[in-house]
Structure formats: C-alpha cells, structure tokens
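Participant: The sequence and its predicted three-dimensional model are supplied below.
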Amino acid sequence: MLFAVLLASALILPGLFVFAALSPSEERTQLEEELKKLEEQIAAYDQKLDMSAKEKKTLENRIYTLRNTIKKLDLQIYQSNILIDDLGLQIDDTEESIEQTTLQIEKARDRLALIIRTIDEEDQRPLLGVLLSEGFSEFFDNLASLEALNIDNQKLLEDIKSMKIYLEDEKASLDEEREGMEKQVTVQTLQRQQSASAKSEEERLLRLTEAEYQKFLKQREQTQLQAQQIRSRIFELIGVPEAPTFGEAYEIAKFVGTATGVRPALVLAVLTQESNIGKNVGQCYLKVPSTGAGVVAYNGKQIDRVMNPTRDVPHFLKITASSGRDPYSTPVSCPMSIGWGGAMGPAQFIPSTWALYEQKIAAAAGHTPDPWNIADAFMASGLYLKDLGAQSNEFNAVMKYFSGASWSKWEEFYGRSVLSIATQYESDIAELEK
C-alpha cells in the first residue's frame, strides 16, 4: 500500500509522521490518496459487517425457531406417552373383562350341559314309572321348566358371546390405537433428533459468523485508527495563519466536512458570522475572575459580565494556561445587552462549551486543541454543528449554535444571515474548484 511506502521513507515519532524527503504539499497529497483508500476499506468492512450481522440475525432466528420446535416436540412426545400409558391400562382392563367373560361362557355352557342331561334323563324315564311316582301333570310341568331354563341359558350364552366379541373388537381397536401412538412417538422422536441436529449445526454456523464478525470489526477498527492518524497529519499540514485566505479556509472546511458530515460552506458561513474567519476574535479582556468583570481592549473602559465567573472562568484559566496565554490579556467577546461575554477564538465558543468538546476536537485533530487556532476552531464548529443536527436541519442547528435550544423570533436574523452567506460560499467554492 502507498502508506507503507510512505512510512518506509519517514521518521516515525509517537503520534506523528515526519517525512524527510517530501515537501508538506507532496506529503499531504500522498496522505490524502492513502486516506481515500483507507476510507474505501472502511466502507467495505462496513458492508461486510452489515452482511455478517444479517447472517447472525437469520441464524439466531432459525435457532430460536428450532429451539421452540424441540420444546413443542418434547411436549407432544410427553403427551403421546401419557396417552400410550392410558391405552395400556384400558387394554389391561379389557383383557381382564375378556377373561371374566370367557369364564362366564364356560359356566353357562356347564349349566346348559347339566340342563340338557337332565332333560335327556327325563325323556328316558318309563311312562308307567313317572305316572306311579309323581303324576302325569307334575311330570310335564318339570319338563316345561327345564325347557324354559334351557332357552334362557342359551340366550344368556349368546349375550355373553356377543359381549366377548365386543370386548375382543375393543381390545383390537385399543391395540391399533396404541400401535399408532407408538409410531407417532417414533416419528416425533426422529423429528426432535433432526431438529436438535439442525440446531447444533446452526449454532456452529453462528459461532463461525460471530468470529468472522469480530474479525471484520477488529480490522475496521485498525483501519479507522490508521485513517485517523492520517487525518490528524493532514490537519496538521494545513498550517494556515490566524486569519487565512478564502482558499486556505476552504481547505480546512473541506477537511472538517469530511470528518463531520457538515457541508464546508456552512462551516465557513458560521465562522464568518462569528469572527470573520478569525479576523475578529473579541474586544474585551477578563480582569477580575471572581466577578467576571473586565475592560474593553481598545480603550480600557471597565465593563461587567465579560465572563461568567462560575460557569466559564475556571475553564478559561485552564485553557489559557495549557496554551501558554496570559488570561488577562487574551481577547474574548464583550457582553451583549443581555447575558455574558467570554466567547473565545474564531469559533466563539464560551469556555464551558469548549471544555465539553475538547476531547472530541483532540481526537479529530490529533493534538491538544487551542480555541485560537484557526484549524481547531473550524473542527470545533463542525463537531458542534453535527451534534446540533446540521446534517438534517441546518437552520435549527445554526440557531442553537447562536442561542441554545430555544430562541426568540428576533434572533432568527442570525440563522438567515448564516444560510445566506453559505449560499454565496457555495458559488465561491464552485468557482474555486473549476
């Protein structure tokens, strides 16, 4: 890669690339080419991460479905086994009833045999003996009773036989039903095994997908870090004076636009409205930190409310100390008719707001930021406008930049002025890039 070639000819210091053989302009051109390649790689990693995330989601959904299928089959198998056990009990009861019915049939047959033998014996007795021993009428009465008993027992025997046939049919039906349930359990068990196997395979694929996702994520992070190092070096190479030319200011704004997504013309317009791009960074000095009072820079007139003593002064003292400035001779904005002054540098950030964004600016610029450094001021404005929603509603973002979350109708001149300047700058940029 080009960046590797460049590194081979560079002296590497912590957090900084110093190119011995290249001019700043040549170094910047090559770094911008390398940065473009890295951004393309990052976009490719983003695409891979998106695809991998979708694959993960699909696998997770399938695993979830298979898990629920297994739970459902477990319940169905459990239910089927209960039904099989119940059918087994019914079959046992039916078999016992069949055995009892068979015994009843045997007893009925024995009774019938006894009746038939008795009738046969009565038929064999001599007529003279019957008349002498019991009389003709009693003989025929006994014979009729035996015949009636024979008929009743035959009917009972037929009923018992019918009951036995019914019970045998019922047992066969129960056996068939149990056999069907057992086959169903076999099928359900096989389905469960297949689902469990599929679930295991999906989980294996998910682990592979997760590993691939983490690999892409790590590669993307490494590429992002490399791109950020290059951005920081490009930002450092811009190196413009405190009040840049329009071409120099546009180069800074273009870089900030790439880093934040806020269009360069809007960043230029805000800096123009705030400080005429660094030409007017304030006309007052802080003199009394305990009260926030100060003086007008050009005539020494005492003035109150130069800086909020509790909200901003502590941050201001820390910021000026870190940049090697005298806090009492560093210009800041004078107060308006209402509120406090104390805004710093080309972007006109009050110290407390700068403190909130200091780490973000440092991460983007690659060094400790300075509110009076034009490049740092541009980056601060771009980051702030991004957080205020400039990518979706520029007017609202600009008004929040000027007046906070809510503003009065009379203050909207600021937003209209900034957008008008931005429109003009778009024309100037078009001319500059011809």
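Facilitator: Ah, there it is.
Participant: Low-confidence stretches in the stretch 151-300 of the chain?
Facilitator: 152-154, 156-157, 159-160, 164, 227-245 (pLDDT under 70).
Participant: which residues in it form strands?
Facilitator: 284-288, 293-296 (DSSP state E, counting those that start in this stretch).
Participant: Okay, buried residues for the shortest one please.
Facilitator: Along strand 293-296, these residues count as buried under the neighbour rule (16 or more other C-beta atoms under 10 Å): 293-295. Bear in mind the C-beta positions are built from the backbone N, C-alpha and C, glycine included.
Participant: go on, stretch 76-86?
Facilitator: Per 16+ other C-beta under 10 Å, stretch 76-86 contains these buried residues: 76-77, 80, 84.
Participant: can I get those residues in TSV with secondary structure?
Facilitator: Shown next, in TSV, are those (DSSP: H, G, I helix; E, B strand; the rest coil):
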residue	secondary structure
76	helix
77	helix
80	helix
84	helix
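Participant: Closest to residue 184 out of these?
Facilitator: residue 80 (5.6 Å; C-beta to C-beta).
Participant: Quickly list the domain ranges of this structure.
Facilitator: 26-231, 245-432 (automatic domain parsing).
Participant: Single out the most deeply packed of these.
Facilitator: domain 245-432 (a mean of 19; mean count of other C-beta atoms under 10 Å).
Participant: Centre of the chain to that one, how far?
Facilitator: Centre-to-centre, domain 245-432 and its host chain are 37 Å apart (C-alpha atoms, centre = their mean, to the nearest Å).
Participant: any idea which of the buried residues of strand 293-296 is closest to residue 247?
Facilitator: Once C-beta to C-beta is applied, the member of the buried residues of strand 293-296 that ends up nearest residue 247 is residue 294, at 35.7 Å.
Participant: quick one: residue 186 and residue 61, what's the gap?
Facilitator: As judged by C-beta to C-beta, to the nearest Å, residue 186 and residue 61 stand 29 Å apart.
Participant: Do a quick rundown of the helices in the stretch 51-200 of the chain.
Facilitator: Along the stretch 51-200 of the chain, the segments classed as helices by DSSP state H, counting those that start in this stretch run 127-133, 136-238.
Participant: With the stretch 251-400 of the chain instead?
Facilitator: Under DSSP H, counting those that start in this stretch, the stretch 251-400 of the chain gives helices at 264-275, 313-322, 351-365, 374-387, 394-403.
Participant: packing partners for the next helix or strand after the last one?
Facilitator: Yep, that's helix 394-403 we're talking about. Note on helix 394-403: by DSSP states H and E, the next helix or strand toward the C-terminus is helix 412-432. Under the contact criterion of 3 or more C-beta pairs under 8 Å, 6 or more residues apart in numbering; DSSP states H and E, helix 412-432 touches helix 246-260, helix 264-275, helix 394-403.
Participant: what does helix 412-432 rub up against?
Facilitator: 246-247, 250, 263-266, 268-270, 272-273, 394-395, 398-399, 402-403 (C-beta atoms under 8 Å, 6 or more residues apart in numbering).
Participant: ok, now stretch 90-100?
Facilitator: 164, 167-168, 170-171, 174-175, 178.
Participant: try stretch 301-314
Facilitator: 284-287, 289-296, 316, 332, 334-335, 339-342, 350-352.
Participant: so how far does it reach from one end to the other?
Facilitator: Stretch 301-314 has an end-to-end distance of 24 Å (C-alpha to C-alpha, to the nearest Å).
Participant: what do you get for stretch 323-330?
Facilitator: 11 Å.
Participant: and what of stretch 307-327?
Facilitator: 12 Å.
Participant: same check, this time on stretch 303-315
Facilitator: Span of stretch 303-315 from end to end, C-alpha to C-alpha: 21 Å.
Participant: hang on, the earlier thing: I'd like the contacts of stretch 90-100 as a markdown table, with distance to residue 210 appended.
Facilitator: Putting these into a markdown table (distance: C-beta to C-beta, whole Å) gives the following:
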| residue | distance to residue 210 |
| --- | --- |
| 164 | 67 |
| 167 | 62 |
| 168 | 62 |
| 170 | 58 |
| 171 | 57 |
| 174 | 52 |
| 175 | 52 |
| 178 | 47 |
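Participant: Please tell me the pLDDT value assigned to residue 382.
Facilitator: The per-residue pLDDT reported for residue 382 equals 94.
Participant: I'd like the distance between it and residue 196.
Facilitator: Distance from residue 382 to residue 196, by C-beta to C-beta: 55 Å.
Participant: Equivalent analysis for residue 337, please.
Facilitator: Distance from residue 337 to residue 196, by C-beta to C-beta: 77 Å.
Participant: same deal with residue 343?
Facilitator: Distance from residue 343 to residue 196, by C-beta to C-beta: 67 Å.
Participant: same thing with residue 333?
Facilitator: 71 Å.
Participant: go on, residue 432?
Facilitator: For residue 432, the distance to residue 196 - C-beta to C-beta - is 67 Å.
Participant: what does residue 379 give?
Facilitator: For residue 379 relative to residue 196 (C-beta to C-beta), the value is 56 Å.
Participant: and if you look at residue 41?
Facilitator: 41 Å.
Participant: Check residue 286 too.
Facilitator: 74 Å.
Participant: before we move on, what about residue 328?
Facilitator: Counting by C-beta to C-beta - residue 328 and residue 196 are separated by 77 Å.
Participant: Kindly report the same for residue 321.
Facilitator: From residue 321 to residue 196 the distance is 67 Å (C-beta to C-beta).
Participant: What of residue 306?
Facilitator: From residue 306 over to residue 196 (counting by C-beta to C-beta), the distance is 75 Å.
Participant: hang on, the earlier thing: in a markdown table, list the strands of the stretch 151-300 of the chain along with distance to residue 71.
Facilitator: Output for the strands of the stretch 151-300 of the chain, formatted as a markdown table (distance: least, C-beta to C-beta, whole Å):
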| stretch | distance to residue 71 |
| --- | --- |
| strand 284-288 | 71 |
| strand 293-296 | 74 |
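Participant: looking at these, which is closest to residue 200?
Facilitator: Among those, if distance is taken as C-beta to C-beta, the winner is strand 284-288, at 70.3 Å.
Participant: could you give the angle of the closest one to helix 313-322?
Facilitator: Put simply, strand 284-288 runs at 110 degrees to helix 313-322, going by axes from the mean of the first three to the mean of the last three C-alpha atoms, to 10 degrees.
Participant: Is residue 267 in contact with residue 256, as I believe?
Facilitator: Yes: Residue 267 lies in contact with residue 256 (C-beta atoms under 8 Å); the separation is 5.5 Å.
Participant: quick one: common contacting residues for those two?
Facilitator: 378, 381-382.
Participant: which one among these gets closest to residue 48?
Facilitator: residue 382 (28.7 Å).
Participant: For that closest one, which residues are in contact?
Facilitator: 253, 256-257, 259-260, 262, 267.
Participant: one more time with 7 Å, if that's ok
Facilitator: 256-257, 259-260, 262, 267 (C-beta atoms under 7 Å, 6 or more residues apart in numbering).
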